[in-house]
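Q: Need a 3D model of the sequence below.
(one chain, ligands or ions: 1)
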Amino acid sequence: MFEIEIDRDACDGIFACLTRDERFVEDEDGLATVDPDAAGVVSVSQNGDRVVATVDGDINDARLAAQACPPNAIVIREEDT
Ligand code: SF4
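A: The predicted model follows:
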């Protein structure tokens, strides 16, 4: 299990993340979020400018998305289990 956090204040809508991890999607505001219906996505919550998703699945694509994000708006956190 791991967490994906997106700082939507920093997100500039280039969508480099979408091409690296299919769990990332564009929302109606033209910014990145995580698809709650994507495989392995346990939950998605939004608190202000922060989207936090809990995911049970492959972390490598999420890491690639974070590395590709020009403004470093994505943080990946492995959960202690
Ligand atoms: S790559 Fe980063 S800036 Fe671009 S849409 Fe994704 S989260 Fe936003």
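Q: Tell me which stretches of this structure form strands.
A: Along the chain, counting by DSSP state E, strands occupy 2-7, 24-26, 32-34, 41-47, 50-55, 74-78.
Q: Just give me the neighbour total for the residue nearest to Gly30 when sequence neighbours are not counted.
A: Spatial nearest neighbour of Gly30, chain neighbours left out: Gly13 (5.0 Å); criterion: C-beta to C-beta, 6 or more residues apart in numbering. Quick note: C-beta positions are derived from backbone N, CA and C, even for glycine. Neighbourhood size, Gly13 [other C-beta atoms under 10 Å]: 10.
Q: show me what contacts Gly13?
A: Contacts for Gly13 were tallied using C-beta atoms under 8 Å, 6 or more residues apart in numbering; they are 26, 30-32.
Q: need the contact list for the closest residue to Asp7 other than its chain neighbours.
A: In this structure, Asp7 finds its nearest non-sequential neighbour in Ala73, 4.6 Å apart by C-beta to C-beta, 6+ apart. Counting by C-beta under 8 Å, 6+ apart, Ala73 touches 6-8, 10-12, 32.
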